[in-house]
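[1] whatever this is, show me its structure:
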Amino acid sequence: MLTLYFSGTGNSRYVAERFSSLMQADCHSIEGDLDFDKLLEGNDTLCFCYPIYGSCVPRILREFVSAHQSSLQDKKLVLFCTQLLFSGDGARVFTDLLVGIRYQVIQAEHIRMPNNLCNAFPFPVKDADQCKKVFDAADRMLLSAAARIRAGTIRKRGFNPFSKVLGFLTQRFFFQKIETIAKSTVRVSANCNACGACVRRCPMGNLRLATDQHGQRHVVQNGNCTICYRCVNICPSQAITVMLHKKVTHQYHGPVQ
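    From the prediction side, this is the model:
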């Protein structure tokens, strides 16, 4: 088995690595510099783990699947989407990317994880004790999923028609339009010290350092944001916002062992 994940701030990475440990599977980020076609073709069972945005697969993962779609032919799939509250069909929607190829979903699950939208009212970032409860619940779900896979029991959460309708009407219908607008919504305040952390860590290469006519360095965007909130949460000056431009006061730094 091979596990591939995209993780903006660490939640999906946590799920991917914990599950891979249980199943003794190789685990890699899709941001890695690897021969992914060779990896995909060399494994019969693939696990994809990703955060769900407005009941949509993140654009960065959609582009990855499109680039490697032929290597997904005739695979067994395990799908884990991480979510804050509710996505309807967040795991099922991954299969919309696989039109024209054969596959079998053997496990699909929605896993609640701590909030990383650190400036989104009314969803405050949880404290350590609250996060631990969420991680413990996620661990239990992963243990159950691993047991079902070993037993040959198929479970596909979010694949019924009702879930699909809920996912589309409550989130996806609106988010598909928002996503396009959000590509260019990164704002950098005067608090920015041009340390370059966001530039180095952006998964889309959307940010770069530029020097203005006065010799001052500042961060500029390239209109390619995937809304992962990584830059918002890692900025040491809390100077960056994406789409939601309320002041950041309490960042989410991901799962802490």
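
[2] okay, now the closest residue to residue 206 other than its chain neighbours: neighbour count?
    The spatially closest residue to residue 206, leaving aside those adjacent along the chain, is residue 224, at 4.3 Å (C-beta to C-beta, 6 or more residues apart in numbering). In short, each C-beta sits where N, CA and C put it, glycine included. In terms of burial, residue 224 registers 16 neighbours under the definition other C-beta atoms under 10 Å.

[3] confidence score at residue 224?
    On the pLDDT scale, residue 224 is placed at 95.

[4] and for residue 83?
    At residue 83, the pLDDT value in this model is 94.

[5] what do you get for residue 202?
    97.

[6] wait, what's in contact with the nearest residue to it once chain neighbours are set aside?
    By the measure of C-beta to C-beta, 6+ apart, the closest residue to residue 202 outside its immediate chain neighbours is residue 231, 6.0 Å from it. Residue 231 is in contact with 186, 198, 201-202, 207, 240, 242, counting by C-beta atoms under 8 Å, 6 or more residues apart in numbering.

[7] same thing with residue 230?
    By C-beta under 8 Å, 6+ apart, residue 230 lies in contact with 8-9, 198, 201-203.

[8] spatially central residue in the chain, please.
    Closest residue to the average C-alpha location of the chain: residue 51 at 3.0 Å, with C-alpha atoms, centre = their mean.

[9] partners of that one in the sheet?
    Partner residues in beta bridges with residue 51, using DSSP bridges, are residue 82.

[10] quick check, pLDDT for it.
    With respect to pLDDT, residue 51 scores 97.

[11] that one against residue 7, yeah?
    Yes: taking contact to mean C-beta atoms under 8 Å, the distance of 7.0 Å between residue 51 and residue 7 places them in contact.

[12] stretch 56-74: end-to-end distance?
    24 Å (C-alpha to C-alpha, to the nearest Å).

[13] buried set for that stretch?
    Using 16 or more other C-beta atoms under 10 Å as the test for burial, stretch 56-74 gives 56-62, 64-65, 68, 71-72.

[14] farthest pair in the residues you listed?
    For the buried residues of stretch 56-74, the maximum inter-member distance is 22.6 Å, found between 56 and 71 (C-beta to C-beta).

[15] so where do the helices sit in the stretch 151-257 of the chain?
    Defined through DSSP state H, counting those that start in this stretch, the helices belonging to the stretch 151-257 of the chain, from first to last, are 161-167, 173-182, 197-201, 230-234.

[16] winner for burial among the ones you listed?
    The highest mean neighbour count among the helices of the stretch 151-257 of the chain belongs to helix 230-234 (a mean of 24), with neighbours defined as mean count of other C-beta atoms under 10 Å.

[17] could you give the separation of it from the chain centroid?
    The chain centre lies 14 Å from the centre of helix 230-234; the measure is C-alpha atoms, centre = their mean, to the nearest Å.

[18] for that helix, give the mean pLDDT please.
    Mean predicted lDDT for helix 230-234 stands at 96.

[19] same thing with stretch 139-158?
    For stretch 139-158, mean pLDDT rounds to 97.

[20] what lies in contact with the lowest-mean-pLDDT helix or strand in the chain?
    Within the chain, no helix or strand scores below helix 173-182, which has a mean of 89 by mean pLDDT, DSSP states H and E. The list of residues contacting helix 173-182 from outside it, by C-beta under 8 Å, 6+ apart, reads 53-56, 59, 225, 227, 242-243.
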